[in-house]
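> the following comprises the amino acid sequence and a computationally predicted model.
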Amino acid sequence: SQQGEEDPQALSIQEGENATMNCSYKTSINNLQWYRQNSGRGLVHLILIRSNEREKHSGRLRVTLDTSKKSSSLLITASRAADTASYFCATSGGTSYGKLTFGQGTILTVHP
Amino acid sequence: DTGVSQDPRHKITKRGQNVTFRCDPISEHNRLYWYRQTLGQGPEFLTYFQNEAQLEKSRLLSDRFSAERPKGSFSTLEIQRTEQGDSAMYLCASSPGGSRATDTQYFGPGTRLTVL
């Protein structure tokens, strides 16, 4: 079963616009990670935020984490056509140090 | 290329046949993971190894599935008596490990299985 739910399921924007994707989860976590997946390919790690962190930046990416609301958001600024992909949040928690639980993902399409 | 590699990339088999997939992790990564992903869904955890020890298995991993990592390096995932419901992308990932914390997992390109 999937722990996370991403919102929206699909997002279509123009190049240069910002894209925001949200992720909600159900149980307590140790950390939350965001991954990108291009069509039919493996996942690429984008960013990891720990449960005691509230915000993290990496290049054009900004991730926030609100553990009280059990939610996270991923902001991609100044989007490019190459950002077109599926984006997944993944959580780890409890005593399981290996298992990542993924959401269903957000399909982002950036039009040139 | 020093990333995670998987072989084969595609496998088509008939129902009832056995299949085996191989994963080579990033060198010196202690942890190795297997996930399964169906169309339109996020990956689902199957199992993971710390060196050669299999530490956790999902309930998704039925008796027909077995995974090994005999020398703590590469791993194999075998599916016996395949069913059409086994059709999916099988993803392998590895991470440095070495601590009790969950760390970043690096994924391979996946093996796409089609069961006819």
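Received it, and whenever you're ready, just let me know what you need. Please read these numbers as outputs of a predicted model, since none were measured by experiment.
> now the residue nearest the centre of chain B. Nearest residue, chain neighbours left out?
Residue closest to the average C-alpha location in chain B (C-alpha atoms, centre = their mean): residue B:34, at 3.0 Å. What sits nearest to residue B:34 in space, not counting adjacent residues and going by C-beta to C-beta, 6 or more residues apart in numbering or on different chains, is residue B:46, at 4.3 Å. No exception for glycine: its C-beta is placed from N, CA and C like everyone else's.
> so how many other residues sit close to residue 70?
Looking at chain A here, since you left the chain open. 18 (other C-beta atoms under 10 Å in any protein chain shown).
> other chain: chain B
Neighbour tally, residue B:70, other C-beta under 10 Å: 9.
> so it is in contact with residue B:52, correct?
Yes. Between residue B:70 and residue B:52 a contact is recorded at 6.3 Å, counting by C-beta atoms under 8 Å.
> enumerate every residue touching the residue lying closest to residue B:29 once chain neighbours are set aside.
Closest residue to residue B:29 apart from its sequence neighbours, by C-beta to C-beta, 6+ apart: residue B:94 at 3.9 Å. Contacts for residue B:94 (C-beta atoms under 8 Å, 6 or more residues apart in numbering or on different chains) come out as B:4, B:23, B:25, B:26, B:29, B:31, B:32, B:33, B:105, B:106.
> for the residue in chain A positioned nearest to chain B, give the beta-bridge partners.
Nearest to chain B in chain A, going by C-beta to the nearest C-beta, is residue A:102, at a distance of 3.3 Å. Judged by DSSP bridges, the bridge partners of residue A:102 are residue A:90.
> buried residues in the helix or strand bottoming out on mean pLDDT in chain A, which are they?
Lowest by mean pLDDT, DSSP states H and E among the helices and strands of chain A is strand A:5-7, with a mean of 82. Within strand A:5-7, the residues that count as buried by 16 or more other C-beta atoms under 10 Å in any protein chain shown are residue A:6.
> follow-up on the earlier one: which element is the residue nearest to the centre of chain B on?
strand B:31-37 (DSSP states H and E).
> mind giving me the packing neighbours of that strand?
The elements that strand B:31-37 packs onto, with contact taken as 3 or more C-beta pairs under 8 Å, 6 or more residues apart in numbering or on different chains; DSSP states H and E, are strand B:44-50, strand B:75-79, strand B:88-95.
> could I get those in CSV, plus columns for mean pLDDT and distance to residue A:46?
What follows is the helices and strands packed on strand B:31-37, written out as CSV (pLDDT from 0 to 100; distance: least, C-beta to C-beta, whole Å):
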stretch, mean pLDDT, distance to residue A:46
strand B:44-50, 93, 19
strand B:75-79, 97, 25
strand B:88-95, 95, 14
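> could you look over these and pick the most buried one?
By mean neighbour count, with neighbours taken as mean count of other C-beta atoms under 10 Å in any protein chain shown, strand B:88-95 ranks first of the helices and strands packed on strand B:31-37 at a mean of 24.
> next, the angle from that one to strand B:75-79.
Strand B:88-95 and strand B:75-79 are oriented at 160 degrees to each other (axes from the mean of the first three to the mean of the last three C-alpha atoms, to 10 degrees).
> ok and strand B:88-95 relative to strand B:44-50, angle-wise?
Using the same axes, to 10 degrees: strand B:88-95 against strand B:44-50 is 30 degrees.
> output strand B:88-95 as PDB, nothing but the C-alphas.
Extracted in PDB, the C-alpha atoms of strand B:88-95 (Å, rounded to 0.1, in the frame of the first residue of the first chain):
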ATOM      1  CA  ALA B  88       5.900  -4.800 -13.800                       C
ATOM      2  CA  MET B  89       9.200  -2.900 -13.700                       C
ATOM      3  CA  TYR B  90      11.600  -4.300 -11.100                       C
ATOM      4  CA  LEU B  91      13.900  -1.700  -9.700                       C
ATOM      5  CA  CYS B  92      17.000  -2.200  -7.800                       C
ATOM      6  CA  ALA B  93      18.700   0.500  -5.600                       C
ATOM      7  CA  SER B  94      21.700   0.700  -3.400                       C
ATOM      8  CA  SER B  95      22.900   3.000  -0.700                       C
END
